[in-house]
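Trainee: build the 3D model from these lines:
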Amino acid sequence: SFWLAADATYYLGGRTNLDGVAGHDFQSVTRAGFTLSIPLGDGFSAKVSFGGWLTAQNAGAFDRIGVTLQYRWFDR
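Mentor: Modelled structure (predicted):
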């Protein structure tokens, strides 16, 4: 069936110390995204997803896009 999902993620941590001196590598990332699933008939569905960063401190700021074709052969 047709469905839409939203998600959010928060990462925190990664501080290092070398010989008692704190590094400037603490990481903090906030991300959000969504997934949309559309039925195509006879057990097939297509999913499109997107996720992007909202905030990033000393971490990778990247977006992702996904396209999936799904087939379900087990039925309830």
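
Trainee: which non-adjacent residue is nearest the residue most central in space within the chain?
Mentor: With distances taken as C-alpha atoms, centre = their mean, residue 51 lies nearest the centre of the chain, 5.1 Å away. Distances taken as C-beta to C-beta, 6 or more residues apart in numbering place residue 33 nearest to residue 51, at 3.1 Å, with adjacent residues excluded. Every residue, glycine included, has its C-beta placed from N, CA and C.

Trainee: what helix or strand does the one you found sit in?
Mentor: strand 27-41 (DSSP states H and E).

Trainee: kindly report the same for residue 73.
Mentor: Judged by DSSP H and E, residue 73 forms part of no helix or strand.

Trainee: circling back: quick one: distance of whichever helix or strand comes after the strand holding residue 33 to the chain centre.
Mentor: Counting by DSSP H and E, the next helix or strand C-terminal to strand 27-41 is strand 44-57. Counting by C-alpha atoms, centre = their mean, to the nearest Å, strand 44-57 is centred 5 Å from the centre of its parent chain.

Trainee: okay, now the sheet partners of the helix or strand that strand 44-57 is followed by, with direction.
Mentor: Sequence order places strand 64-71 as the next helix or strand after strand 44-57, per DSSP H and E. Sheet neighbours of strand 64-71, with direction, are listed as strand 44-57 (antiparallel) (DSSP bridges).

Trainee: got the contact list for the strand it pairs with?
Mentor: Contacts to strand 44-57, defined as C-beta atoms under 8 Å, 6 or more residues apart in numbering, come from residues 7, 26-40, 60-72.

Trainee: what angle do that strand and strand 27-41 make?
Mentor: 170 degrees (axes from the mean of the first three to the mean of the last three C-alpha atoms, to 10 degrees).

Trainee: tell me which residues in strand 44-57 are buried?
Mentor: 45, 49, 51, 53 (16 or more other C-beta atoms under 10 Å).

Trainee: related to what we said a few turns ago, quick check: the residue nearest to residue 51 touching residue 6?
Mentor: Yes - counting by C-beta atoms under 8 Å, residue 33 does reach residue 6; the two are 7.3 Å apart.
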